[in-house]
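**Student:** need a 3D model of the sequence below.
(one chain, ligands or ions: 1)
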Amino acid sequence: MSIQWTEDLSTGFTEIDNQHKELFSRINEFHQACKLGKGRGKVRETIEFLEDYVIMHFSTEENYMEKYNYPAYNSHRIEHQKFIKNLEDIKEDFEKQGAGVSLVVNINHMIVEWLHKHIRRVDKALANFLRDKTMT
Ligand SMILES: [Fe+2]
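**Tutor:** Predicted coordinates:
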């Protein structure tokens, strides 16, 4: 399963769009590794990538939301915090138990859910709002 970033997800802000594209490409790499039975070997790298990524990416989005007085700022931010918590739990699991099959499944579940529930819905709503703001 390959996951494609599509133009309808564009926020009109290159910085956010490039960060989303980067996440899509990393998710694809992880899925590819899983398909080849090498998911466990990619776990550390993926967790470390996500840790850096969320700090940078969430603050980029949150800065734009603040700057343009986004009405759903709080609920959007809560979702970011939940993802960070989820990632922390996964990291803790990894440190305690190493990269087992269930951890690989959990990571996949977390990122696929993020893609469908957050990027395609919550970030899409933000994208529509920002596009409206900047085109008027
Ligand atoms: Fe977001």
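
**Student:** residue numbers of the chain in contact with the ion?
**Tutor:** Glu61, Asp123 (Cβ under 5 Å from the ion). In this view, the C-beta of every residue, glycine as well, is placed from N, C-alpha and C.

**Student:** switch the cut-off to 8 Å
**Tutor:** Counting by Cβ under 8 Å from the ion, the residues of the chain lying close to the ion are His57, Phe58, Glu61, His76, Glu79, His80, His118, Ile119, Val122, Asp123, Leu126.

**Student:** quick one: which of those is most hemmed in?
**Tutor:** Counting neighbours by other Cβ atoms under 10 Å, Glu61 leads the residues of the chain next to the ion with 24 neighbours.

**Student:** and the helix or strand hosting it, average pLDDT?
**Tutor:** Per DSSP states H and E, Glu61 falls inside helix 39-67. Helix 39-67 carries an average pLDDT of 95.

**Student:** chain center to that helix, what's the gap?
**Tutor:** Using Cα atoms, centre = their mean, to the nearest Å, the mean C-alpha position of helix 39-67 is found 7 Å from that of the whole chain.

**Student:** next, the buried residues of that helix.
**Tutor:** Burial within helix 39-67, assessed by neighbour count using 16 or more other Cβ atoms under 10 Å, is assigned to 39, 42-43, 46-47, 49-50, 53-54, 57-58, 61, 64-65.

**Student:** same question, stretch 93-110
**Tutor:** The neighbour-count check on stretch 93-110 (16+ other Cβ under 10 Å) flags Asp93, Phe94, Ala99, Leu103, Val104, Asn106, Ile107, Asn108, Met110 as buried.

**Student:** got it, and stretch 69-87?
**Tutor:** Tyr70, Tyr73, His76, Arg77, Glu79, His80, Phe83, Asn86, Leu87.

**Student:** and what of stretch 122-136?
**Tutor:** So for stretch 122-136, counting by 16+ other Cβ under 10 Å, buried means Val122, Asp123, Leu126, Ala127, Phe129, Leu130.
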